[in-house]
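K.L.:
from the sequence below, what's the structure:
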Amino acid sequence: VPRGVPTSSAPTPAVAPPPRERTVALVMPSTDARFLLRTTATITASADTLVRHDSATTVTALRVTPRGSAFDIVLDSHVVHLAGAAPVRLPPGTRALARLASDTGFTFVGGGTEDACASVARAAFEATRDLWVNWPTTVRASSRWADTTRTTVCRDRIPLTMTLVRDYQLTGPLNDSLLVVQRTARVFLDGRGALRGDTTQITATGTSDATLYLRPTTGWIDSARVRSTLRLT
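P.N.:
Below is the predicted model:
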């Protein structure tokens, strides 16, 4: 037999293609939703040898209506309880739009949100920020993604530039009913202004860990638990 000519007519065994990794599609929210957010904060302030501990609880109830890629938010209530002080309340029905910008993440428009130091409205809408995520269109097991938000907040009437960097990883069951997403975040704040007659520079760094439960068929977060730490100087 000439060299190189096969002597058997047996067919070459077929090689099965590798199994395709299952993906789950995430829809853009198109239905109205209601949320109740509760935040409990422990505040420790120190100056020289003086240390003071305070606490604050914020409760926000809101209704959301999708408007294309934006969200129309109506606050039914927003109450801040500071220890030893009268509650701070925002008038019910305060309204703003959460709009996605490619370079700054979600921003709030309307409802007194333009000036972070003018009223409590901006802080009230910033308290809802965990709800606004630029989700990918599909996810696979152990999918990872990230987003960055840049905005302005206020502390003692000093406007602060805030950069929020968030990393996400799908960790729960990959099914069409509920997805479990772990999120870690880093926050950076910086600003300068006059505080009781003195020029003051404020800087801050913080971290946050969250577990988000997402309904892929509606595009809404079903529930979440978040723990954060922030250090202001």
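
K.L.:
list the neighbouring strands of the helix or strand Thr39 falls within plus their orientation.
P.N.:
Using DSSP states H and E, Thr39 sits within strand 33-47. Using DSSP bridges, the strands paired with strand 33-47 in its sheet are strand 50-67 (antiparallel).

K.L.:
tell me which residues in the partner strand are buried?
P.N.:
Of the residues in strand 50-67, those buried by neighbour count under the rule 16 or more other Cβ atoms under 10 Å are 58-62, 64, 66. C-beta coordinates here come from the backbone N, C-alpha and C atoms, glycine included.

K.L.:
can you give me the strands for this protein?
P.N.:
Taking DSSP state E as the criterion, the chain carries its strands at 23-25, 33-47, 50-67, 70-82, 88-89, 94-101, 105-109, 138-140, 144-155, 158-170, 179-195, 198-215, 220-232.

K.L.:
got a list of contacts for the third one?
P.N.:
Looking back up the chat, that one is strand 50-67. With contacts defined as Cβ atoms under 8 Å, 6 or more residues apart in numbering, strand 50-67 is touched by 28-46, 71-84, 97, 124, 127-128, 131.

K.L.:
give the contact list for the residue sitting nearest the centre point of the chain.
P.N.:
Using Cα atoms, centre = their mean, the residue of the chain that lies closest to the mean C-alpha position is Asp130, 3.0 Å off. Asp130 is in contact with 37, 210, 212, 221, 224, 226, counting by Cβ under 8 Å, 6+ apart.
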